[in-house]
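In: Coordinates for the following, if possible.
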Amino acid sequence: MTNPVDLVEIWRGDLRECVHQGHALVCDETGQIVEAWGDPETLIYPRSSCKMVQALPLLESGAGAHLTDEQLALACASHQGAAIHTDRVRAWLRDLDLTDDALRCGPQMPSDKEARNALIRASDAPCQFHNNCSGKHAGFLTLTKHLNAGAEYHEIDHPVQQACKAAFEDVSGETSPMFGIDGCSAPNHACTLHGLARAMAFFASASERSDTRSQAATRLTQAMVAHPDLVAGETRACTELMRAMDGRVAIKTGAEGVFIAIVPEKRMGVALKIADGATRASECAIAAILVKLGVLDADHSAAKARLSPPIQNRRGITTGQIRPVAALA
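Out: Purely as a prediction, here's the structure:
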């Protein structure tokens, strides 16, 4: 990852104690860069930030024609395993006449406190539907059933993953040079940060076109902004910031410091990558860019919680602050 630039600073008193570097850019509907920080051509794994791209074949194929917007939001989600997420995924599996065993994402302890504590009190183990990617995998299973394909839908040569790769390369405008296996066992295809932003700009401008892929992109974006609580969950940046923008913008985080935004009113896509993978920095940087684009109010409580949150010690004393660099202002 070459030539990252300072994006987020950590101050303690009058000393800049830490700095998070990375890359970010804004792309317009033609694929051109509007503004950039760092190297737009740096190669990354988008991780979970590209789940809406992976969901395109679900709608394009007709497999998801009957799905609700709630289910489509879950297909794009990295949820925290709260009841509002797991109840819906289990119901989706029942609709497919499948059980938890059909999933290939692996079990995961919920990050939702109430759900996690309930499992602990019951001396119960988490299931695969608790996995933060279980909605995406329910979408994969829906497409698998539609295609009458094999059970190992997560494998790179499976028709589901081949369709996802083709869609990813099309909307990013790039041939992916490699793939890695994500935390949920599905392939994740590498692209440049520019390619990821280009893909998000495709989604942002999709409502102006009538082709099948654009119609699918529009519906997925609309599902995300209509159900921000399903895309992530309470206290999470994706949920709180989408609510703060009143459905005008869809945003999605990815592991290792990736974040994207889909901005339909400006027909722009945003992509960023924090070099050291820090979530606190990616949330701060995406909030700063959204404020800079004029779609997020800097005075909104959700924005303040990411733009300049105080750092407190264990006695509740404010000892420092996280804040974006001046170049993002």
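
In: Every contact and neighbour count from this point should use C-alpha atoms.
Out: Noted.

In: and Ser111, how many neighbours?
Out: Number of residues near Ser111 (other CA atoms under 10 Å) recorded here: 17.

In: Let the chain start at 14 from now.
Out: Sounds good: first residue 14 from here, last item Ser124.

In: how about the closest residue to Cys177 other than its chain neighbours, what does it touch?
Out: Nearest non-adjacent residue to Cys177, counting by CA to CA, 6 or more residues apart in numbering: Gln67, 5.1 Å away. With contact taken as CA atoms under 8 Å, 6 or more residues apart in numbering, Gln67 is in contact with Cys177, Lys178, Ala180, Phe181.

In: quick one: which of those has the most company?
Out: Within these, most neighbours by other CA under 10 Å means Phe181, with 28 neighbours.

In: can you tell me how far that residue sits from Ala284?
Out: Separation of Phe181 from Ala284 (CA to CA, to the nearest Å) stands at 15 Å.

In: Poorly predicted segments of this protein, please.
Out: For the chain, the stretches with pLDDT under 70 are 14.

In: let's see it at 80
Out: For the chain, the stretches flagged by pLDDT under 80 are 14-15.

In: Which parts of it are helices?
Out: 64-67, 69-73, 82-88, 96-108, 126-134, 147-160, 172-185, 206-217, 225-239, 241-244, 250-257, 292-305, 314-320 (DSSP state H).

In: Figure out which of those is closest to Ser198.
Out: Among the helices of the chain, the nearest to Ser198 by CA to CA is helix 147-160 (10.0 Å).

In: what's the closest one packed up against?
Out: Contact here means 3 or more CA pairs under 8 Å, 6 or more residues apart in numbering; DSSP states H and E; on that basis helix 147-160 packs against helix 69-73, helix 82-88, helix 96-108, helix 172-185.

In: Mind putting the ones you listed into CSV with distance to Thr43?
Out: Formatted as CSV, those follow (distance: least, CA to CA, whole Å):
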stretch, distance to Thr43
helix 69-73, 20
helix 82-88, 26
helix 96-108, 36
helix 172-185, 12
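
In: need the contact list for Ala96.
Out: By CA under 8 Å, 6+ apart, the contact list for Ala96 reads Ala128.

In: gap between it and Arg232?
Out: Taken as CA to CA, the span from Ala96 to Arg232 is 24 Å.
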